[in-house]
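S.K.: Output the structure for:
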Amino acid sequence: MTDDVAGKTRAQTLKALQASRRSAVAPFIVMDVMTAAARREAAGHSIIHLEVGEPGAATPRRVRDIVTKAMAGERIGYTPALGRPSLRARIARHYRDAHGLEIPAENVVATAGSSGAFILAFLALFDAGARVAISSPGYPPYQNIMQALGLEPVILETRAEDRHVVTAAMIETAHAQKPLDGVLLMSPANPSGTMLTDAALAAVCAACDRLGIAFISDEIYHGLTYERPAATALAFSRRALVVNSFSKYYCMTGWRIGWMIVPDELVRPIERLQQNLSISVPTLGQIGAEAAFEATAELEAIKAGYARNRAVLLDALPGIGLGDFHPADGAFYIYADIGRLTNDSRDFCARMLNEAGVATTPGLDFDRQRGHRTMRISFAGKESDIHEAVARLRTWLK
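M.R.: Numbering: from 1, shown residues only. Take a look at the predicted model:
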C-alpha cells in the first residue's frame, strides 16, 4: 500500500468516527455535579448530596422480596412489547383508585423509565422539524432529546412572580406566532416544585385540544405533593398522552421502569417502535413495579420524611440568605434565586461543593438564559443530612 493510499484510508477512518451533529446536545449538568461530588468523597471529603433528584430511601421491601422470588423460580424472558398484561392492568386500576378514571389496560404502555417514554412519545407523535413547546426553567433532557431527534424545542419563559407555571394563554400566544405541533409540561415541576391548579391544567388541555396541538403531561412526581393532590391531564382530555414512572414516589430509579397512557390511535405505532427499539422493557423491573402498588404504607412513610425535610428548609433557608423561592407544592426540590449572592451559579455551586461539602445543582441546567442566578436544592435524602447541610451553609455564607 502506497503512502498516499494509506493516508487516504486513515482520513476516511477518522471521518467515519466523527460524532454526529445530532449527538452534540448539552450535558445534563447535574450528572457532572454528581461526578465531581463523588471525586471529593473518594478523596476523603464529607459531602452532603442535595444535587440529585433521586429518593434517598431504598426500594420498598415488598418489591425486593417479590423480585428475589421471581429470580429464584421463574424464567426471566422477554415480555410483550407494551408490557406484562398484569402490570398494565394494575396501572389502569391505579387510575381508577387514585383519580376515579376508567382507563383501559390496552392504553397502558410500560416503558424504560420516563426517559424511554419521551423517546417513544416524540417518535410516535412528531416528524423531524416538529415544533414542541416546553417550559423554562424545566427538565433539561426534554430539550436535549428533542434536538437529538431533529425536533425544534419552543421555549416558554415562565416568571417567578407567576410561580414558574405555563398558562393556556402562553400556549395560545406561541401557537399564534408560529404553529406548534406539541406541548410538554410537568406538574409538579422540576426544578421549581410548583404545580398547576386543576383549573389551569384543564385550560391547557382545552387549548391544546381546540388548537389541534398534541399535549404530553409529565406526571412523574404525582404522589409527592404536600398541600393538595395533583390532578392528571386524563381527567380533562383523553387526547392527552400521560407519562409517569416508578422512579420518584415508588423509589425505583435504578430499575428503569415507567409508563405511558396513550390515546387509541397511538397504541400500535408505539408498540411497533418499542418492538424495534428495545423489544421489551426489563422483566424484573416490571415484576417489581407491579408489587410497588402494594407498598403504600412504606412509601407514605418515606414521603412523610420528604415533608419534614421540606419544612426544615422552608424555615431555615431565609435565615441564611437563600430565601428567594416558592414553597414546593410537590416533588422534592427548592429552586432558589441566588442573584444577590452571585451571577455565576455554576461557579457558586462548585465553590459550595469544594468549600462547604454541600452538592447542589446550578440553575443553568434548567434555564440556559436565566439560570446563572438560580440553583436547585433536592430534599430527597435523610433528614439528618438536611440539618447538616443547613449548618454548613450557614457557616459558609457568613
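
S.K.: C-alpha only now, for contacts and for neighbours.
M.R.: Noted.

S.K.: which residues sit in contact with residue 358?
M.R.: 47-50, 352, 389, 392-393 (C-alpha atoms under 8 Å, 6 or more residues apart in numbering).

S.K.: For residue 230, state which of the residues you listed is nearest.
M.R.: Ranked by distance to residue 230 (C-alpha to C-alpha), these are led by residue 50 at 24.4 Å.

S.K.: Make JSON lines from the contacts of residue 358 and add neighbour count, distance to residue 69 and secondary structure to it.
M.R.: Formatted as JSON lines, those follow (neighbours: other C-alpha atoms under 10 Å; distance: C-alpha to C-alpha, whole Å; DSSP: H, G, I helix; E, B strand; the rest coil):
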{"residue": "47", "neighbour count": "18", "distance to residue 69": "36", "secondary structure": "coil"}
{"residue": "48", "neighbour count": "22", "distance to residue 69": "35", "secondary structure": "strand"}
{"residue": "49", "neighbour count": "27", "distance to residue 69": "33", "secondary structure": "strand"}
{"residue": "50", "neighbour count": "22", "distance to residue 69": "34", "secondary structure": "coil"}
{"residue": "352", "neighbour count": "18", "distance to residue 69": "44", "secondary structure": "helix"}
{"residue": "389", "neighbour count": "20", "distance to residue 69": "39", "secondary structure": "helix"}
{"residue": "392", "neighbour count": "17", "distance to residue 69": "44", "secondary structure": "helix"}
{"residue": "393", "neighbour count": "19", "distance to residue 69": "45", "secondary structure": "helix"}
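
S.K.: from those, which is closest to residue 319?
M.R.: Using C-alpha to C-alpha, residue 393 is the member of the contacts of residue 358 that lies nearest residue 319, at 10.7 Å.

S.K.: Tell me the spacing between the closest one and residue 352.
M.R.: According to C-alpha to C-alpha, to the nearest Å, residue 393 stands 8 Å off from residue 352.

S.K.: just residue 308 next, same as before
M.R.: 24 Å.

S.K.: ditto for residue 85
M.R.: 48 Å.

S.K.: which helices and strands sit right next to the longest helix along the chain?
M.R.: For the chain, the helix that runs over the most residues, judged by DSSP state H, is helix 296-316. On a contact count with 3 or more C-alpha pairs under 8 Å, 6 or more residues apart in numbering; DSSP states H and E, helix 296-316 meets helix 383-396.

S.K.: Just the C-alpha atoms of the helix it packs on, please, in CSV.
M.R.: C-alpha atoms of helix 383-396 as CSV (Å, rounded to 0.1, in the frame of the first residue of the first chain):
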residue,chain,number,x,y,z
GLU,A,383,-33.4,14.4,57.5
SER,A,384,-30.1,14.4,59.3
ASP,A,385,-28.3,15.4,56.1
ILE,A,386,-30.7,18.3,55.6
HIS,A,387,-29.9,19.7,59.1
GLU,A,388,-26.2,19.2,58.5
ALA,A,389,-26.4,20.9,55.1
VAL,A,390,-28.1,23.9,56.7
ALA,A,391,-25.5,24.1,59.4
ARG,A,392,-22.7,24.0,56.8
LEU,A,393,-24.3,26.6,54.6
ARG,A,394,-25.0,28.9,57.5
THR,A,395,-21.3,28.9,58.3
TRP,A,396,-20.2,29.1,54.6
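
S.K.: Who are the contact partners of residue 221?
M.R.: By C-alpha under 8 Å, 6+ apart, the neighbours of residue 221 are 187-189, 244, 248-249, 330-331.

S.K.: Tell me the one of the residues you listed nearest residue 105?
M.R.: residue 244 (15.0 Å).

S.K.: Mind listing the residues bridging to that closest one?
M.R.: Assessed by DSSP bridges, residue 244 has beta-bridge partners residue 259.

S.K.: Against residue 109, how distant is it?
M.R.: Taking C-alpha to C-alpha, one finds residue 244 at 10 Å from residue 109.

S.K.: got any residues that touch both of the two?
M.R.: Joint contacts of residue 244 and residue 109 (C-alpha under 8 Å, 6+ apart) are 259-260.

S.K.: count of residues packed around residue 76?
M.R.: Neighbourhood size, residue 76 [other C-alpha atoms under 10 Å]: 12.

S.K.: what sits against it?
M.R.: By C-alpha under 8 Å, 6+ apart, the contact set of residue 76 is 283-284.

S.K.: And the one 3 residues further on, by the same measure?
M.R.: Going by C-alpha under 8 Å, 6+ apart, residue 79 touches 280-281, 283.

S.K.: pretty sure residue 28 is touching residue 142, no?
M.R.: No - using C-alpha atoms under 8 Å, residue 28 is not in contact with residue 142; the gap is 10.6 Å.
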